[in-house]
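J.: Please find the sequence and the predicted model below.
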Amino acid sequence: MKPFLTHDECMGCKACGDICPVGAISFPVDEEGFWQMTIDEEKCIDCHRCEMVCPVKNYPESRTETNRSEPLVYKTWHKDPAVRYNSTSGGMYYAAAEAFLERGGVLVGSVYTEKFERAVHVAVKDREGLQRVMRSKYFQSDTEGIYKVVRDLLKKGEKVLFCGAPCQSAALHKFIGAKDANLYTMDFVCRGINSPLAYSSYMEELKAKYRSELKEVRFKDKSRGWTNLGTRVFFQNGKEYYRNRFNDPWVNGFIAGNLYMRPACFQCAFKKLPRVSDMSIGDFWGLNFTQEESSQGVSLVFSNNEKGDWLLDISRPRMFVEQRTLEEALQGNPAILHSAVYSETRKQFFALLRTVGFSEAVWRTMGSTARERWLKEKKHKINAFLSRFSILYRIKTMIKGGVR
Ligand SMILES: Cc1cc2nc3c(=O)[nH]c(=O)nc-3n(C[C@H](O)[C@H](O)[C@H](O)COP(=O)(O)OP(=O)(O)OC[C@H]3O[C@@H](n4cnc5c(N)ncnc54)[C@H](O)[C@@H]3O)c2cc1C
């Protein structure tokens, strides 16, 4: 059969490859570094299973009829400061995942490969595995083969907690069908999935600059505060890289530029309520944060059905939990309902990536925008410094005046 999605519609979830009984589907990488479904018409037996499992073709589907159109909304964070610090938001995922493990379940989520070249979905059964699965990898995680792994675990009677992008979770539900009593799913509020090529180009550039292999990569690092959206990279030679949302090229190209997102993400079918998974997690942007909250992170939780309620219940002993309103969640986090706006300059970015490298491609494509924001931050710091100085000066003058 002919491909049933266009290049710009395919989400690259790879469920079609897992369901194909004759191995007719493969995923060569396109020029932007995204996997693209390709059907070998010689091998294809026209069973159309690939089409039936495709989340884009079949959305909205049955789960959105049963899930809550007004999810229960919570503001949460993990009570253990170390877990909270090491999580991307407030640590909701870690709490649910750890409680799930304690009940004998298996976790399926995204991990970095050994040298941090890629992200792939795997199944893990212990806390060591959980340490690898936690934290956001802000580019596409490879889910090839994972749908079959989950199906086989469920067949053996295992309980599985899957976490992934909404399209991946929808794909898994289509793949497993109705026999999913032991399957629990979490998705995250997804701004859009970035190109693995953009990520690997950035890491290659940093490796060359610091003359070392990578030891750890942390997006949204909290060492200088959660809301700084810092990128921190540790190298084998002991050196460290840190830049914040104003001067890190990755954050600028992703958040301000929409430069390397998957084309299908600009018309994402999953930015709707009801959500497709049992529970959805994200950042609870838009609240009036205390200093501690803005430094350590706050999770947004949507409980979309009774399985979501159960996941929250088993996590409660580890979490601060406060019920909030859907309006608050939607106001602060546009990515829940709206796709990112297509960037006309993304083609320019990918052309430059090949010739001048990642950072330079971002800065050149974004023109002065990112630099202006960087200068604004510097100006803000100088003003803050000067105003502190002038307050001190006034206090000293007052004291002197009082003594006299
Ligand atoms: C590409 C991307 C875009 C996002 N955009 C937003 C946004 O716009 N607004 C918002 O509020 N939140 C967004 N998030 C979610 C946010 O970063 C946190 O993951 C989420 O709030 C959960 O935080 P946590 O501390 O509870 O869990 P964490 O410890 O961060 O756990 C994250 C979970 O997500 C899984 N995961 C990590 N990376 C990937 C990946 N690349 N693909 C599939 N699964 C993955 C992990 O396996 C783990 O199970 C995004 C996440 C990603 C990966």
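T.: Sure, I can see it. Residues are numbered from 1 along each chain as shown.
J.: switch to C-alpha atoms for all contacts and neighbour counts from now on
T.: OK.
J.: so who does residue 115 touch?
T.: 213-215 (CA atoms under 8 Å, 6 or more residues apart in numbering).
J.: Could you dump those residues into a markdown table with distance to the ligand and secondary structure added?
T.: Supplementary listing: the contacts of residue 115 in a markdown table, determined by distance: CA to the nearest ligand atom, whole Å; DSSP: H, G, I helix; E, B strand; the rest coil:
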| residue | distance to the ligand | secondary structure |
| --- | --- | --- |
| 213 | 21 | coil |
| 214 | 18 | strand |
| 215 | 18 | strand |
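J.: I'd like the residues you listed as JSON lines, with neighbour count appended.
T.: Converted to JSON lines, those look like this (neighbours: other CA atoms under 10 Å):
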{"residue": "213", "neighbour count": "17"}
{"residue": "214", "neighbour count": "23"}
{"residue": "215", "neighbour count": "16"}
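J.: Would you reformat those as TSV and include pLDDT and distance to residue 184?
T.: Shown next, in TSV, are the contacts of residue 115 (pLDDT from 0 to 100; distance: CA to CA, whole Å):
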residue	pLDDT	distance to residue 184
213	98	36
214	98	33
215	98	32
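J.: Tell me which stretches of the stretch 51-200 of the chain form helices.
T.: 63-66, 81-86, 92-102, 127-133, 146-155, 166-176, 196-210 (DSSP state H, counting those that start in this stretch).
J.: nearest to residue 181, of the contacts of residue 115?
T.: residue 215 (38.9 Å; CA to CA).
J.: Next, the closest residue to the ligand within the stretch 251-400 of the chain: secondary structure please.
T.: Of all residues in the stretch 251-400 of the chain, residue 282 sits closest to the ligand, at 3.0 Å by CA to the nearest ligand atom. The three-state label given to residue 282 by DSSP: H, G, I helix; E, B strand; the rest coil is strand.
J.: what pairs with it across the strands?
T.: Assessed by DSSP bridges, residue 282 has beta-bridge partners residue 300.
J.: any idea how far residue 91 is from it?
T.: Residue 282 sits 10 Å away from residue 91, going by CA to CA, to the nearest Å.
J.: Looking at those two, which is more packed in?
T.: For residue 282 versus residue 91, neighbours defined as other CA atoms under 10 Å are more numerous around residue 91 (32 against 25).
J.: quick one, what contacts the more buried one?
T.: Counted by CA under 8 Å, 6+ apart, residue 91 has contacts 77-78, 83-84, 298-299.
J.: What of residue 2?
T.: Per CA under 8 Å, 6+ apart, neighbours of residue 2: 39, 41.
J.: switch to 6 Å and redo it
T.: By CA atoms under 6 Å, 6 or more residues apart in numbering, residue 2 lies in contact with nothing.
J.: same deal with residue 382?
T.: Taking CA under 6 Å, 6+ apart, one finds nothing in contact with residue 382.
J.: ok, back up a step: mean neighbour count added to the helices of the stretch 51-200 of the chain, as TSV?
T.: Formatted as TSV, these follow (neighbours: other CA under 10 Å):
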stretch	mean neighbour count
helix 63-66	16
helix 81-86	18
helix 92-102	22
helix 127-133	17
helix 146-155	18
helix 166-176	24
helix 196-210	18
